[in-house]
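S.K.: predicted model follows, preceded by the sequence.
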Amino acid sequence: MKLQLQRPLFFFDLETTGINIAQDRIVEISWVKLFPDSHTESKTYRVKPMQLLLGQEVVMHIPAEASQVHGIYDEDVADCPTFKELAPMIADEIRDCDLAGYNSNHFDVPLLAEEFIRAGVSIDLKKMHLVDAFTVYQKKEPRNLTAAYKFYCGKDLADAHSANADVQATYEVLMAQLEKYDDVPTNVEELESYTTGGSKTADFAGRIVYNDKGVECFNFGKYKGMPVKDVFRRDPGYYAWLKNGEFPEYTKGVFTRIYLER
């Protein structure tokens, strides 16, 4: 084993109700604990997500879009322990360890820290070394235009970051991708869906998205997932706050159009 350990390295991954670190909750936690002598221990727990609503702890619904990603639905965790119940045991597992994950420094670690705070368990993750395999991947296998041009076209990109060179390289890269992959659509409409994941937004910043009924909904904040028009009907003051907020002018224009249509 090339990895040199002074103490256990705790590899972990979270499945959650969403990607908002402050608001979303854990629905599954798995870990592999690697010890300095190279033996490992692994565990997985499903977690019933809870949220504070009007001063009461209530079960949090797992949104359909999250369930479609990880395959965990409300009924799957209905009889599972809450994170608050698991937190002391998980903290004991983590103590005296360093942490590792994939994109963990940007998501899993901060979300785990939030859950510990809500559970009232004191553990300082900042005192641990944090290892992120995704960062290693980014550094060793960069996913920028220069790397793509070399991979797909077999050429070095001269004058990278000049608009002329970059747009020519982008054109050549896409043509090469379509030649290389038989399952990438060649129809532009289908190619758009492929490259955007099929999601449709009402603005370029992605602050307003269409739900499965084609209704414009907030994609952020306290009204996330709710129809914009419905929110403006019952809370017109929210529109005033948005107009004065640091949003792109195009996004503000969409807010205004929906506000006037309400």
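M.R.: Done, it's in.

S.K.: any low-confidence regions in this structure?
M.R.: Applying pLDDT under 70 to the chain picks out residues 1, 198.

S.K.: list the contacts of the longest helix anywhere in the chain.
M.R.: Ranked by residue count and defined by DSSP state H, the top helix of the chain is helix 163-180. With C-beta atoms under 8 Å, 6 or more residues apart in numbering as the contact definition, helix 163-180 has outside contacts at L145, A148, Y149, Y152, C153, L157, A158, D159, A160, V184, T186. Using the backbone N, CA and C atoms, a C-beta is placed for each residue, glycine as well.

S.K.: can I get those residues in JSON lines with neighbour count, secondary structure and distance to T17?
M.R.: Shown next, in JSON lines, are the contacts of helix 163-180 (neighbours: other C-beta atoms under 10 Å; DSSP: H, G, I helix; E, B strand; the rest coil; distance: C-beta to C-beta, whole Å):
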{"residue": "L145", "neighbour count": "17", "secondary structure": "helix", "distance to T17": "35"}
{"residue": "A148", "neighbour count": "19", "secondary structure": "helix", "distance to T17": "34"}
{"residue": "Y149", "neighbour count": "23", "secondary structure": "helix", "distance to T17": "39"}
{"residue": "Y152", "neighbour count": "17", "secondary structure": "helix", "distance to T17": "37"}
{"residue": "C153", "neighbour count": "14", "secondary structure": "helix", "distance to T17": "41"}
{"residue": "L157", "neighbour count": "21", "secondary structure": "coil", "distance to T17": "41"}
{"residue": "A158", "neighbour count": "10", "secondary structure": "coil", "distance to T17": "47"}
{"residue": "D159", "neighbour count": "11", "secondary structure": "coil", "distance to T17": "45"}
{"residue": "A160", "neighbour count": "13", "secondary structure": "coil", "distance to T17": "40"}
{"residue": "V184", "neighbour count": "14", "secondary structure": "coil", "distance to T17": "32"}
{"residue": "T186", "neighbour count": "8", "secondary structure": "coil", "distance to T17": "37"}
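
S.K.: closest to I72 among those?
M.R.: V184 (29.8 Å; C-beta to C-beta).

S.K.: returning to that earlier point: C-terminal to the longest helix of the chain, what's the next element?
M.R.: helix 188-196 (DSSP states H and E).

S.K.: the following helix or strand past that next one: how far from the chain's middle?
M.R.: Where DSSP H and E defines the elements, the next helix or strand beyond helix 188-196 is strand 208-210. Centroid displacement of strand 208-210 relative to its chain, using C-alpha atoms, centre = their mean, to the nearest Å, is 17 Å.

S.K.: then stretch 233-249?
M.R.: 25 Å.

S.K.: how about that stretch as PDB, C-alpha atoms only?
M.R.: C-alpha atoms of stretch 233-249 as PDB (Å, rounded to 0.1, in the frame of the first residue of the first chain):
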ATOM      1  CA  ARG A 233     -49.600  35.900  -5.300                       C
ATOM      2  CA  ARG A 234     -49.200  35.100  -1.600                       C
ATOM      3  CA  ASP A 235     -46.000  37.000  -0.900                       C
ATOM      4  CA  PRO A 236     -45.700  40.000  -3.200                       C
ATOM      5  CA  GLY A 237     -43.000  41.400  -0.900                       C
ATOM      6  CA  TYR A 238     -40.700  38.600  -2.100                       C
ATOM      7  CA  TYR A 239     -40.700  40.000  -5.600                       C
ATOM      8  CA  ALA A 240     -39.500  43.400  -4.200                       C
ATOM      9  CA  TRP A 241     -36.700  41.700  -2.400                       C
ATOM     10  CA  LEU A 242     -35.700  39.800  -5.600                       C
ATOM     11  CA  LYS A 243     -35.700  43.000  -7.700                       C
ATOM     12  CA  ASN A 244     -33.200  44.600  -5.200                       C
ATOM     13  CA  GLY A 245     -31.100  41.400  -5.000                       C
ATOM     14  CA  GLU A 246     -27.900  40.600  -6.700                       C
ATOM     15  CA  PHE A 247     -29.400  38.600  -9.600                       C
ATOM     16  CA  PRO A 248     -28.600  38.900 -13.300                       C
ATOM     17  CA  GLU A 249     -30.800  41.400 -15.100                       C
END
